[in-house]
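1. structure for this input, please:
(one chain, ligands or ions: 1)
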Amino acid sequence: MGDRHTEGAWNMKVESRFGSYEISFIKLTELWGYLPENCCLVTDSNVVEVIPGLKERNPIVVPAGEESKSFDTYRFVVTELAKRGVKRSGSLAAVGGGVVGDLGGVAAASYMRGIDFWQVPTSLLAMVDSSVGGKVGIDLAEGKNLVGAFWAPKAVLVAPECLKTLPERQFKAGLAEVLKMGFIRDPELLNLDRENPQPWIERAIDGKRQVVEADEFETNGLRATLNFGHTIGHMLESRANYQGILHGEAVAIGMVAEAEFGEYLGVTPAGTAEKVREVLAENGLPVELPTDLNPTEALKWLQLDKKSGTKTLGFSLLTGIGSCKLKSDIEPSQVLEWLETR
Ligand code: GLY
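-> Purely as a prediction, here's the structure:
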């Protein structure tokens, strides 16, 4: 776990091939002092209203919601960077949830072939997952996160006070990623105390740090296991055209479904899916696949997943509560059969 340098302060170093970077818990009032002078800020239409001092710093504001992880919004952000005269020596800080971090990261990774990037996650989901590890991306109509890069931040600045302004639905969606870490690696995270979030936020971030340090560019199968629930979750988001369902909600439904699929394949011990369902439902998350899901249509989306090979599909499957493995030799017919008979 991270070092506690001073009372209330907490830092964790992430080793990266881009250079190591710190994840620091900070107070919101201190935020501006951590960022470079003239750092260009990217945020969304909700966050700009709730973070003190943000609006006054003339941020680039994109519409709130997954729809902003699009080429149009990306073009808007990089065009704004150019209009504002941001140089190659300039920097960009993404102040917001996962959408702003992913979108801002793609802009930072590509504008002038890459400028310095800072992550300031304001949602639970961004704090425990998307801001750590350098993955940035935008969506295509054909599938989620299909365009992007690895672009590690200079630092991740976490102000837990931001959570006070987070709508309940968004908070629960973030819990899905914490619970995912519990299911795949660290069952202690399954008994979290909502009233005292900092210890389990630290623990979840540390789990993510360990994984991304061991497999930064997703080459040895470990990082891909973080995708538990995401293969089906991304399919649900894509088929809904990124509307009406939050990423964490889609992942929650995906985790139950993938646990069931793992049981069907004989990889996941019987009874695991029921436990996954119970924990997620207790935390107020959705757990049922849509009743109108068409198996053939679902399979088409699933085949565009980045873990898919030319003929096979890849899933991160539980081998118990607290352990998982990447299975990348799944035949499309196995997915179809399961979806048709479940
Ligand atoms: N959110 C999954 C990853 O960072 O690999």
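
2. mind checking how far residue 299 is from residue 257?
-> Per CB to CB, to the nearest Å, residue 299 is found 13 Å from residue 257. In short, each C-beta sits where N, CA and C put it, glycine included.

3. quick one, which of the two is more surrounded?
-> The neighbour comparison of residue 299 against residue 257 (other CB atoms under 10 Å) goes to residue 257, with 27 against 16.

4. contacting residues around that one?
-> For residue 257, the contacting residues are 229, 232, 289, by CB atoms under 8 Å, 6 or more residues apart in numbering.

5. mind checking which helix or strand the second one is in?
-> What that stands for is residue 232. Here residue 232 sits within helix 230-239, counting by DSSP states H and E.

6. start to end distance for stretch 37-57?
-> End-to-end distance for stretch 37-57: 11 Å, by CA to CA, to the nearest Å.

7. contacts only, for residue 215.
-> Residue 215 sits next to 221, 222, 223, 224 when contact means CB under 8 Å, 6+ apart.

8. residue 322 now?
-> By CB under 8 Å, 6+ apart, the contact list for residue 322 reads 182, 183, 184, 185, 186, 187.

9. that one and residue 269: what is the separation?
-> Distance of residue 322 to residue 269, given as CB to CB: 12 Å.

10. and residue 75, by the same measure?
-> According to CB to CB, residue 75 and residue 269 sit 48 Å apart.

11. neighbour-wise, which of those two wins?
-> residue 269 (15 against 11).

12. now the more buried one. Nearest residue, chain neighbours left out?
-> Nearest non-adjacent residue to residue 269, counting by CB to CB, 6 or more residues apart in numbering: residue 320, 5.9 Å away.

13. now the phi/psi pair for that neighbour, please.
-> With angles defined as degrees, to the nearest 10, residue 320 sits at phi 170, psi -180.

14. go on, residue 146?
-> With angles defined as degrees, to the nearest 10, residue 146 sits at phi -80, psi -10.

15. contacts only, for it.
-> Under the criterion of CB under 8 Å, 6+ apart, the neighbours of residue 146 are 137, 139, 140, 304, 306.

16. try it again with 7 Å
-> By CB atoms under 7 Å, 6 or more residues apart in numbering, the contact set of residue 146 is 139, 140.

17. ditto for residue 105
-> 94, 117, 136, 151.

18. so which of those residues are in strands?
-> 94, 117, 136 (DSSP state E).

19. reformat those as JSON lines; add pLDDT.
-> JSON lines is the format used below for the ones in strands among the contacts of residue 105 (pLDDT from 0 to 100):
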{"residue": "94", "pLDDT": "98"}
{"residue": "117", "pLDDT": "98"}
{"residue": "136", "pLDDT": "98"}
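
20. of the residues you listed, list those near the ligand.
-> Applying CB under 6 Å from any ligand atom to those, one finds that nothing falls near the ligand.

21. shouldn't residue 259 be in contact with residue 274?
-> No. Contact criterion CB atoms under 7 Å: residue 259 and residue 274 do not qualify, at 8.4 Å.

22. of these two, who's got more company?
-> Just comparing residue 259 and residue 274: by other CB under 10 Å the higher neighbour count belongs to residue 259, 28 against 13.

23. the helix or strand hosting that one versus helix 230-239: what angle between them?
-> Residue 259 is located in helix 247-265, with elements delineated by DSSP H and E. Angle of helix 247-265 versus helix 230-239, following axes from the mean of the first three to the mean of the last three CA atoms, to 10 degrees, is 130 degrees.
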